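S.K.: predicted model and sequence below, questions to follow.
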Amino acid sequence: VNMAAVAVLTLAFVVSVPSSAGSSKDKPNMILVMCDDMDIVLGGVNATPQVKHLLGDNGATASNYFVSSPKCTPSRSAWLSGRYYHNLRPNGRKTGTGLNTSNFFDEDAVFPTLRRGGYTTGIFGKIHNNQGGWLCSRNNRTDPFDHIETECSPCGGYYRVGENEWVHKETHDDVPIYETLDPNSPFSNYSEAQYGNRTVQWITKLVQNKQLPFFAFIGTSGPHLGVVPAPWHRRRTAELTIQAPRTPNFNMLASDHHPLLSTAPPLSDEAIAHVDLHMRDRWGTLFSIDDMVAEIAGAVDRLGISNNTYMLFTSDHGYHLGQFRIPDEKMMPYDTDIRVPFFARGPLIAPGTMINEMIANIDIGPTLCDLAGIPIPNLMDGRSLVPLLTGNRSALTRPWRTHFMTEFAEGGFQQYGTNGMWTTDANNPTFDAGTNPPWGINCSTRDQCKPNPCANTGGAEACPHESRFDYQYDDPSYNWRALRVINDTDDFTFVQWDPKYMFGVAPPSPPPIKPSQMMPGVDINGQDDPHPCPPAPYGNQPEQCEATCKKKNGCIGWTLHYNPPSNPAPGWRCCTKVTIVALHYEPTCTSGILNATTVPVSSLNGQSGFHGAPPGGNVTFSEFYDLRSDPWQMKNLWPTMSEAKQASLMAEINLHFACAGTRTTPSNCE
């Protein structure tokens with residue numbers, strides 16, 4: 001197959017009809033192709049019309065697909081394992097920075113599970129997660145994969161022609177074999193063409209040898225920076241007249257946002273010109289992605305396996321281009337960064353299907369398992385998309401999620417001029433090699449720019465909101481968790497920032513709980529009347545539970561809490577208290593005492609404190625955006641919200657932050 005006109009596929013994943021039959025030959029084939037940094041909010045999908053037609057028009061389109069973390073490795077860890085970011089921390093902990101990048105080798109992760117289920121598995125391109133370490137080292141480990149064809153260091157690279165920069169493994173090989181490409185053949189060495197050609201060749205061989213079913217993962221280089229369009233698309237890229245979308249928050253001073261944004265200097269005309277150039281180069285790589293999707297889809301048709309093959313398309317996260325004065329990159333808790341494209345086609349997916357539910361990267365693993373007729377591991381926090389893809393929503397065992405967690409604890413000191421965007425291919429006609437990158441306002445070098453006052457302070461809220469001059473888009477305190485909610489009445493984002501990413505978990509010496517009328521993250525031990533506690537049909541609205549207590553004779557306090565579906569009394573419950581014995585911290589509860597000043601400490605048996613975690617913890621800054629009236633998340637409403645509403649949101653985010661599964665107990669995540 002000639003891939004000279006072929007490009008990267010954002011995320012295509014091919015799977016056949018779910019089968020209840022035990023025979024492997026009856027199971028579906030699967031191809032998953034994932035782009036790097038492709039956006040949807042800023043119109044990136046407009047550069048891939050073949051993808052939209054072949055997969056979207058002829059299959060399904062999702063309008064609300066989110067990622068659990070807007071950065072390469074943590075996002076990929078989520079789809080590889082089917083688990084939330086907070087359940088993928090080193091050594092099983094939930095706090096602090098760092099990530100378990102080897103989770104995809106776990107027995108319950110996607111590749112090992114599918115391989116045990118009878119699948120031949122293959123990797124083409126960027127899987128990331130310390131790829132060079134586990135794949136291209138003395139102690140390489142490739143047991144979940146039958147076939148591998150990729151580079152040792154694919155991140156941000158469109159040509160890898162150095163000695164032994166590629167690795168190749170067949171099923172019978174114990175370890176990968178190093179490979180060196182011909183550096184004088186730029187057409188065949190372009191990364192997306194390599195991935196596409198090799199994938200089609202492998203699938204063709206499997207079909208001819210009747211080695212089905214298979215699962216192939218294709219991870220593209222593009223449109224990750226530094227962006228290099230393919231040689232055959234460079235003239236088309238140079239002739240583009242598009243510019244980065246001038247959204248309402250483009251080059252806007254976000255004075256009520258996190259200090260990294262509230263202190264950002266305006267983008268100069270020179271910086272904006274670079275952002276526009278970057279936008280055009282991104283589209284140039286997406287042209288190749290569009291071609292590659294068409295080529296792989298065409299191969300599936302030509303090989304006669306389309307009647308048993310599903311194809312899905314997405315990205316590891318989104319992107320921003322000048323929004324809130326941040327020139328490029330991702331890592332922010334806003335929809336530009338966490339909402340991404342998703343298309344799918346297959347024999348049971350009706351053309352023109354629309355999916356409006358909140359779906360996510362953590363759902364990829366469960367979906368693959370379901371389509372393959374393999375039990376979904378209990379550890380996976382995501383859910384199968386099969387009922388939504390096939391329009392069979394009656395098969396859902398519980399209502400679909402309306403709340404989703406997205407998180408980030410990878411903060412580091414990064415500036416616009418150091419992110420590799422300016423070291424692209426000098427032969428690229430859209431790259432101005434004679435222009436230095438703009439570091440900021442009135443400074444041509446890094447040393448001339450006044451450093452960001454937020455950097456290395458350990459607390460964003462304590463950072464002075466003074467003007468700065470550097471184009472910095474990340475610092476070590478830039479760690480957050482966010483709750484994204486979409487339902488019939490709400491469409492909002494709630495963000496909490498914690499430089500240490502602790503969120504109240506295990507501080508050295510927790511302060512005592514002060515009895516009050518509204519105590520988020522606190523449970524009351526005492527006699528309930530009635531018992532068991534009745535359901536709270538209004539859900540997580542503590543003021544409603546408080547009102548119930550006020551109307552009830554003898555009630556002196558109340559607790560609103562949530563029981564998981566496995567509990568004999570599931571759902572939200574309002575407990576009205578006639579006695580109070582003790583208070584303790586519990587992230588899934590909100591409590592109150594009607595007359596807090598009249599409750600003596602002695603009546604709490606001296607237990608007004610608790611050797612656990614206060615709910616506020618180390619949160620230094622909070623944000624709330626109502627996307628119904630503010631779709632570009634420009635106005636932070638958190639300071640204007642009532643104490644009761646703030647308490648409700650804090651209890652809600654603590655609840656979702658605590659969700660998890662074990663190997664023996666299904667995940668209780670929504």
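M.R.: Cool, the structure landed. Numbering: from 1, shown residues only.

S.K.: quick one, longest helix in the chain?
M.R.: Using DSSP state H to define each element, the chain has its longest helix at helix 269-302.

S.K.: now it, how far from the centre of its chain.
M.R.: 21 Å (Cα atoms, centre = their mean, to the nearest Å).

S.K.: and that helix, what does it pack against?
M.R.: Secondary-structure packing of helix 269-302 (3 or more Cβ pairs under 8 Å, 6 or more residues apart in numbering; DSSP states H and E): strand 29-35, helix 49-51, helix 191-208, helix 234-238, strand 309-315. For the C-beta atoms, the positions are set from N, CA and C on the backbone; glycine is no exception.

S.K.: can you pull the buried residues of stretch 559-572?
M.R.: Neighbour-count burial for stretch 559-572 flags T559, L560, H561, Y562, N563, P564, W572 (criterion: 16 or more other Cβ atoms under 10 Å).

S.K.: right, and D474 touches F413 too?
M.R.: Yes - taking Cβ atoms under 8 Å as the definition, D474 is a contact partner of F413 at 6.8 Å.

S.K.: and these two? which has more neighbours close in?
M.R.: Counted by other Cβ atoms under 10 Å, D474 and F413 do not tie: D474 has more neighbours, with 23 against 14.

S.K.: can you pull up the bridge partners for the more buried one?
M.R.: Here D474 sits in beta bridges with Q414, going by DSSP bridges.

S.K.: what residues are up against it?
M.R.: L260, E329, M331, G411, G412, F413, Q414 (Cβ atoms under 8 Å, 6 or more residues apart in numbering).

S.K.: try 7 Å this time
M.R.: By Cβ atoms under 7 Å, 6 or more residues apart in numbering, the contact set of D474 is M331, G411, G412, F413, Q414.

S.K.: ok, now which ones touch the second one?
M.R.: Going back to what we said before, that points to G411. Listed by Cβ under 7 Å, 6+ apart, the contact set of G411 reads D474, D475, P476, S477, Y478, N479.

S.K.: try 10 Å
M.R.: 97, 260, 331, 455, 460, 474-480, 497, 499, 501 (Cβ atoms under 10 Å, 6 or more residues apart in numbering).

S.K.: report the separation between N618 and S477.
M.R.: Separation of N618 from S477 (Cβ to Cβ, to the nearest Å) stands at 11 Å.

S.K.: most widely separated two among the contacts of D474?
M.R.: The two members of the contacts of D474 with the most space between them (Cβ to Cβ) are M331 and F413, at 12.7 Å.

S.K.: follow-up on the earlier one: closest to A372 among the buried residues of stretch 559-572?
M.R.: Distances from A372 to these, taken by Cβ to Cβ, are shortest for P564, at 27.2 Å.

S.K.: that closest one contacts C669, correct?
M.R.: Yes - counting by Cβ atoms under 10 Å, P564 does reach C669; the two are 9.5 Å apart.

S.K.: anything in contact with each of these two?
M.R.: C659.

S.K.: low-confidence stretches in the stretch 201-350 of the chain?
M.R.: Judged against pLDDT under 70, the stretch 201-350 of the chain has no low-scoring part.

S.K.: one more time with 90
M.R.: 224-231, 234-235, 238, 255, 258-265, 268-271, 273-274, 277-278, 310 (pLDDT under 90).

S.K.: hmm, Y478 and E410 touching each other?
M.R.: Yes - using Cβ under 10 Å, E410 is in contact with Y478, at 8.4 Å.

S.K.: more neighbours: which of those two?
M.R.: Applying other Cβ under 10 Å to E410 and Y478 shows that Y478 carries more neighbours, namely 25 against 21.

S.K.: farthest pair within the buried residues of stretch 559-572?
M.R.: Longest span within the buried residues of stretch 559-572, Cβ to Cβ: T559 and P564, 16.5 Å.

S.K.: got the phi/psi numbers for D491?
M.R.: Backbone dihedrals for D491, given as degrees, to the nearest 10, come out at phi -150, psi 90.

S.K.: what is the neighbour count of it?
M.R.: Neighbours of D491 using other Cβ under 10 Å come to 17.

S.K.: any stretches of the stretch 551-670 of the chain with poor pLDDT?
M.R.: 562-572, 579-589, 595-621, 643-644.

S.K.: at which residues are the helices of it located?
M.R.: For the stretch 551-670 of the chain, the helices defined by DSSP state H, counting those that start in this stretch occupy 643-657.

S.K.: do the same with the stretch 51-200 of the chain
M.R.: 72-81, 110-116, 131-135, 186-189, 191-208.

S.K.: helices or strands next to the first one in the packing?
M.R.: Applying 3 or more Cβ pairs under 10 Å, 6 or more residues apart in numbering; DSSP states H and E, one finds that helix 72-81 makes contact with strand 29-35, helix 110-116, strand 214-219, helix 364-371, strand 403-408.

S.K.: report the distance from the third one to the chain centre.
M.R.: Meaning strand 214-219. On Cα atoms, centre = their mean, the centre of strand 214-219 falls 20 Å from that of its chain.

S.K.: could you check the angle it makes with strand 29-35?
M.R.: Counting by axes from the mean of the first three to the mean of the last three Cα atoms, to 10 degrees, strand 214-219 points 0 degrees away from the direction of strand 29-35.

S.K.: strand 214-219 relative to helix 191-208, how many degrees between them?
M.R.: Using the same axes, to 10 degrees: strand 214-219 against helix 191-208 is 180 degrees.

S.K.: which other helices and strands contact strand 214-219?
M.R.: With contacts defined as 3+ Cβ pairs under 10 Å, 6+ apart, strand 214-219 has these neighbours: strand 29-35, helix 72-81, helix 110-116, strand 120-125, strand 147-151, helix 191-208, helix 269-302.

S.K.: averaged pLDDT, the fifth one. What do you get?
M.R.: Here strand 147-151 scores 88 as its mean pLDDT.

S.K.: out of the helices and strands packed on helix 72-81, nearest to A536?
M.R.: Nearest of the helices and strands packed on helix 72-81 to A536, taken as Cβ to Cβ: strand 403-408 at 16.4 Å.

S.K.: buried sites along that closest one?
M.R.: For strand 403-408, the buried set under the neighbour-count rule, 16+ other Cβ under 10 Å, comprises H403, F404, M405, T406, E407, F408.

S.K.: closest to D363 out of these?
M.R.: Nearest to D363 among those: F404, at 10.3 Å, using Cβ to Cβ.

S.K.: let me see the contact set for that closest one.
M.R.: Contacts of F404 (Cβ under 10 Å, 6+ apart): 64, 66-68, 84, 338, 358-360, 362, 482-486, 656, 669-670.

S.K.: ditto for M354
M.R.: Applying Cβ under 10 Å, 6+ apart, the residues near M354 are G56, A60, T61, A62, S63, L388.

S.K.: by neighbours, which of the residues you listed wins?
M.R.: Top of the contacts of M354 by neighbour count (other Cβ under 10 Å): A62, with 28 neighbours.

S.K.: was I right about that residue contacting N356?
M.R.: Yes - at 7.9 Å, A62 and N356 qualify as touching, with contact defined as Cβ under 10 Å.

S.K.: now do the shared contacts for those two.
M.R.: Joint contacts of A62 and N356 (Cβ under 10 Å, 6+ apart) are L388.

S.K.: re earlier: tell me the most buried of the helices and strands packed on strand 214-219?
M.R.: When the helices and strands packed on strand 214-219 are scored by mean count of other Cβ atoms under 10 Å, the highest mean neighbour count falls to strand 29-35 (a mean of 28).

S.K.: and the longest helix of the chain with strand 214-219, angle?
M.R.: Going by the same axes, to 10 degrees, helix 269-302 makes 160 degrees with strand 214-219.

S.K.: then the longest strand along the chain to CSV, C-alphas only?
M.R.: Ranked by number of residues, the top strand in the chain under DSSP state E is strand 582-593. Only the C-alpha atoms of strand 582-593 are listed here, as CSV (Å, rounded to 0.1, in the frame of the first residue of the first chain):
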residue,chain,number,x,y,z
ALA,A,582,-19.1,12.4,67.7
LEU,A,583,-18.1,14.1,64.4
HIS,A,584,-15.6,12.6,62.0
TYR,A,585,-14.4,13.4,58.5
GLU,A,586,-16.0,11.5,55.7
PRO,A,587,-15.7,12.8,52.1
THR,A,588,-19.0,11.4,50.9
CYS,A,589,-21.0,13.2,53.6
THR,A,590,-22.3,16.7,54.4
SER,A,591,-23.6,17.4,57.9
GLY,A,592,-25.0,20.2,60.0
ILE,A,593,-26.0,21.0,63.5
